[in-house]
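Undergrad: curious how this folds, go ahead:
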Amino acid sequence: MTITLEMMPPLMFGGLIIAMLIGYPVAFTLAAVGLSFGFLAIHLGFFDLNFLQAIPGRIFGSVLSNELLLAIPFFTFMGAILERCGLAEDMLDSMGQLFGPIRGGLGYSVILVGFILGAITGTVAAQVIAMAMISMPVMIRYGYNIRYITGVLAASGTITQLVPPSLVLIVLADQLGKSVGDMYLGAWGPSVFQILLFAGYTFVLSIVKPSHVPAVPKTALTLTGWPLWKKCLLGIIPSAVLIFVVLGTMMMGLATPTEAGAMGAVGAIVLAAIHHKDFSATGRKMLIIGVIAGGIGTIVAMLYTENLIFKLAFAITYIAVVWICLEAVKIPDLRDLIKQGYETTMRITCMVTFILIGSTCFSVVFLGVSGGVWLEHLLTSLPGGVWGFLIFINIFIFFLAFFLDFFEIAFIILPMIAPIAQKVLAPVVGPDAALIWFGVMLCVNMQTSFLHPPFGFALFYLRGVAPKEVKSSDIYWGAMPWIGLQAIMVILVIAFPVVVTGLLDKPLDVDLNKVKIEVPQIELPPLDFGPPAKP
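TA: Below is the predicted model:
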């Protein structure tokens, strides 16, 4: 049997699936399948050996020299520090006491803290584990339904996939060739809507089945009044400042994603230090001085141009930050925490780099055997036009997430379908917003990969920390309503693109044929060609 060019793309896809089902690491599987089919294509005469020179060219030109991917280790380090520094414990305790006296109050506190932590950590595993270890015993003690407990904890942990500055959004922006800032702006609408959906479900449950989400007796509260509000604010305000430093500077164009990530990494160390019980009185004074100096510098920059006062104010702020970081290194617990953060960052960064190298080997050969043409014909010939394309892609990604991690989907599948999505979706929302809409839609969809039984990692994390009396069936059944809520969110994003595109800058609609450039006429004095004037 002769292998034709038309047979190569489906054979490559099938070979990749078989190799991954065997259990080989994805990065090496991608490279091996790509290079094997590359040599086969050379043997069959589809292209020559020189074509494979594109692989090292793209690895060194598009992967290892990609400045946007430098943001990944910074955001990973920031999340690794914040997930273990005690911030989650303080926020869950204070929010639980604030909302506890109302029905479903502990559920609201888990959802809200999940949203805030998602904006500053970006890691699902640690968020689910931390919130489950803190909140699950309390919710069980006060009589909450066990399936509601497991569902709300798992779902609130997955919010971090969508809330900026999510690592998922950075990778999506890179693979789709769009701005990280635009991807973040597009994700805010679905993030807020998702929180409202989760809170709305809890509210309806408190009315329909009040015994599932009972109120905490007021006699059980250890803090009330101003002390309670103070503890809440001490958890929220530093987190809000860090979110602004990372996201605000990026949105206002003051920092690139890499620079914002670097500030977030330093800010995470500062936040961990000020939350530690051994943080010194001198360190607290330096913190206050740094905050005041930073405020003065910001006000001066807003009212006047940059001057000596502005430079002095921020110099003092930088000195305060350095002082606090040095104090963090002196505290043994924080020193170990920073070391663990470095190790986590190194592992994830190496994983991402090797998957990118493997996916480059696969995609170059796949495009060389006309895989892009085959895939475009396959997807554009679907019934239903744009909506048929979106429904098929979302169902395909949903089931693919049973077996593949987010990074694997982003680096293998997205580069192949992005050009087709741009072509198909541009008539609906415009060429500038098409891939932002598509990327955020897939991000909402891939959240479910952490939730759906039996492969959802969030469910595995819950099983690992849940008490023995919590059955695995309760964890799986508890996740089902929340998967439904996330599916509703996907449908809303598909049906109402404005949820994503509403915050994006509107494209300028300019007719170049009507552009006129008017040059003002300057009247010059007449030239004098007579004899020179006598002195």
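Undergrad: what's the local residue count around residue 131?
TA: As a burial measure, residue 131 scores 26 neighbours (other C-beta atoms under 10 Å). Quick note: C-beta positions are derived from backbone N, CA and C, even for glycine.
Undergrad: and it, how far from residue 216?
TA: When distances are taken as C-beta to C-beta, to the nearest Å, residue 131 and residue 216 turn out to be 17 Å apart.
Undergrad: do residue 232 as well
TA: Distance from residue 232 to residue 216, counting by C-beta to C-beta: 16 Å.
Undergrad: quick one, which of these two is more surrounded?
TA: A side-by-side neighbour count of residue 232 and residue 216, using other C-beta under 10 Å, places residue 216 first with 22 against 18.
Undergrad: which positions in the longest helix anywhere in the chain come out as buried?
TA: With residue count as the measure and DSSP state H as the assignment, the chain has helix 332-368 as its longest helix. Residues of helix 332-368 classed as buried by neighbour count (16 or more other C-beta atoms under 10 Å): 334, 337-338, 341, 344-345, 348-349, 352-368.
Undergrad: and what of stretch 226-238?
TA: Using 16+ other C-beta under 10 Å as the burial criterion, the residues of stretch 226-238 that qualify are 228, 231-232, 235-236, 238.
Undergrad: likewise for stretch 381-389?
TA: Of all the residues in stretch 381-389, those buried under the rule 16+ other C-beta under 10 Å are 382, 389.
Undergrad: for stretch 462-477, same thing?
TA: By neighbour count on 16+ other C-beta under 10 Å, the buried set for stretch 462-477 is 462, 466, 470, 474-476.
Undergrad: state the mean pLDDT of it.
TA: The pLDDT scores in stretch 462-477 average 80.
Undergrad: residues making contact with it?
TA: With C-beta atoms under 8 Å, 6 or more residues apart in numbering as the contact definition, stretch 462-477 has outside contacts at 128-129, 132-133, 136-137, 140, 146-147, 150, 153-154, 453-454, 459.
Undergrad: closest to residue 39 among these?
TA: Closest approach to residue 39 among these (C-beta to C-beta): residue 454, at 38.0 Å.
Undergrad: the longest helix of the chain packs against which elements?
TA: Secondary-structure packing of helix 332-368 (3 or more C-beta pairs under 8 Å, 6 or more residues apart in numbering; DSSP states H and E): helix 8-22, helix 26-44, helix 54-58, helix 71-82, helix 257-275, helix 308-330, helix 406-412, helix 414-429.
Undergrad: where's residue 468 relative to residue 386, distance?
TA: When C-beta to C-beta is applied, the distance between residue 468 and residue 386 equals 50 Å.
Undergrad: about what we covered before: between the helices and strands packed on helix 332-368, which has the poorest mean confidence score?
TA: Per-stretch mean pLDDT for the helices and strands packed on helix 332-368 is lowest at helix 406-412 (a mean of 77).
Undergrad: just how off-centre is it within its chain?
TA: Taking the mean C-alpha point of helix 406-412 and that of its whole chain, the gap between them comes to 14 Å (C-alpha atoms, centre = their mean, to the nearest Å).
Undergrad: after the helix or strand bottoming out on mean pLDDT in the chain comes which helix or strand?
TA: Among the helical and strand segments of the chain, the one scoring lowest on mean pLDDT, DSSP states H and E is helix 87-99, with a mean of 72. Scanning the chain past helix 87-99 towards its C-terminal end, the next helix or strand to appear is helix 105-120 (assignment: DSSP states H and E).
Undergrad: just the CA trace of that next one, in CSV.
TA: Presented in CSV, the C-alpha positions along helix 105-120 are these (Å, rounded to 0.1, in the frame of the first residue of the first chain):
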residue,chain,number,x,y,z
GLY,A,105,-22.2,32.2,54.0
LEU,A,106,-19.3,29.7,54.1
GLY,A,107,-19.9,28.9,50.5
TYR,A,108,-19.8,32.6,49.5
SER,A,109,-16.6,33.1,51.4
VAL,A,110,-14.9,30.1,49.6
ILE,A,111,-16.0,31.5,46.2
LEU,A,112,-14.8,35.1,47.0
VAL,A,113,-11.5,34.0,48.4
GLY,A,114,-11.0,31.6,45.4
PHE,A,115,-11.5,34.6,43.1
ILE,A,116,-9.0,36.8,45.0
LEU,A,117,-6.4,34.0,45.4
GLY,A,118,-6.9,33.2,41.7
ALA,A,119,-5.9,36.7,40.8
ILE,A,120,-2.6,36.5,42.8
